[in-house]
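S.K.: my questions concern the predicted model and sequence given below.
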Amino acid sequence: MLELQLTLQDPAATARLGLLLSGHLQAGDVIALEGALGAGKSVLARGIIQAACPAEDDIPSPTFTLVQTYEPDALPPIMHFDLYRLETPEESLELGIEDAFIDAICLIEWPQRLGAFLPRTALTITLVDGVDATSRVAQISGDARWQPVLDALRTQMQDIT
């Protein structure tokens, strides 16, 4: 398992991480966003979506709808899932998540609700509190497929961490 840890000074740095990550994503990529309530998972997801869909001015968290779909011009569909309200992993199947794992870029908040359905190839980003109220630490891990992405993020984020 490959790992990278980045300090994010504020929500703008969290969004910038999303923007940089979006340039490396393709169909079938699953980004598992972990962290407590208010950790910045939605901020990070919005950064990815905003970079891919600059015309989108309203990017809500799918807390109540469970999934929001975006259609970027230059990328496959992006499906943003918020699984906080799921009771069982099987409920995720009703959302079409299995097909999304193949055809779309999946951003999944509360991925632990998927249990064994979460692909082993997912890139996991865990956001935890930093040294002050606005900073966060992003702990990023993934399998060997993600090595070039982690290397690029390490280089690109140096100027803002």
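M.R.: Yep, it's here. What you are looking at is a predicted structure, and each value in this text was computed from that prediction instead of being measured. Numbers count the residues shown, from 1 in each chain.
S.K.: how many neighbours does the closest residue to residue 23 other than its chain neighbours have?
M.R.: The shortest distance from residue 23 to any non-neighbouring residue, by C-beta to C-beta, 6 or more residues apart in numbering, is to residue 51 (7.1 Å). Every C-beta, even on glycine, is put in place using the N, C-alpha and C of the backbone. Neighbour count for residue 51, taken as other C-beta atoms under 10 Å: 19.
S.K.: give me phi/psi at residue 51?
M.R.: phi -70, psi -40 (degrees, to the nearest 10).
S.K.: tell me who's in contact with it.
M.R.: 18-19, 22-23 (C-beta atoms under 8 Å, 6 or more residues apart in numbering).
S.K.: roughly how far apart are it and residue 119?
M.R.: Using C-beta to C-beta, to the nearest Å, residue 51 is found at 23 Å from residue 119.
S.K.: got it, and residue 67?
M.R.: 17 Å.
S.K.: check residue 6 too.
M.R.: Here residue 6 is placed at a distance of 23 Å from residue 119 (C-beta to C-beta).
S.K.: read off the pLDDT value for residue 134.
M.R.: Listed pLDDT for residue 134 reads 88.
S.K.: just give me the neighbour total for the closest residue to it other than its chain neighbours.
M.R.: For residue 134, ignoring the flanking residues on the chain, the nearest one in space by C-beta to C-beta, 6+ apart is residue 10 at 4.6 Å. Per other C-beta under 10 Å, the neighbour tally for residue 10 reads 17.
S.K.: you'd agree residue 10 is up against residue 133?
M.R.: No: contact criterion C-beta atoms under 8 Å: residue 10 and residue 133 do not qualify, at 9.7 Å.
S.K.: so what sits against both of these two?
M.R.: Shared contacts of residue 10 and residue 133, counting by C-beta under 8 Å, 6+ apart, come down to nothing at all.
S.K.: which of the contacts of residue 51 sits closest to residue 47?
M.R.: Using C-beta to C-beta, residue 18 is the member of the contacts of residue 51 that sits closest to residue 47, with 2.2 Å.
S.K.: that closest one and residue 41 touch, don't they?
M.R.: No: the pair residue 18 / residue 41 is not scored as a contact, 10.3 Å apart, by C-beta under 8 Å.
S.K.: of the two, who's got more company?
M.R.: It is residue 41, of residue 18 and residue 41, that has more neighbours when counted by other C-beta under 10 Å, with 26 against 23.
S.K.: in the chain, which spans are strands?
M.R.: Remark: strands assigned in the chain by DSSP state E are 2-8, 30-35, 67-70, 78-82, 105-109, 123-129, 136-142.
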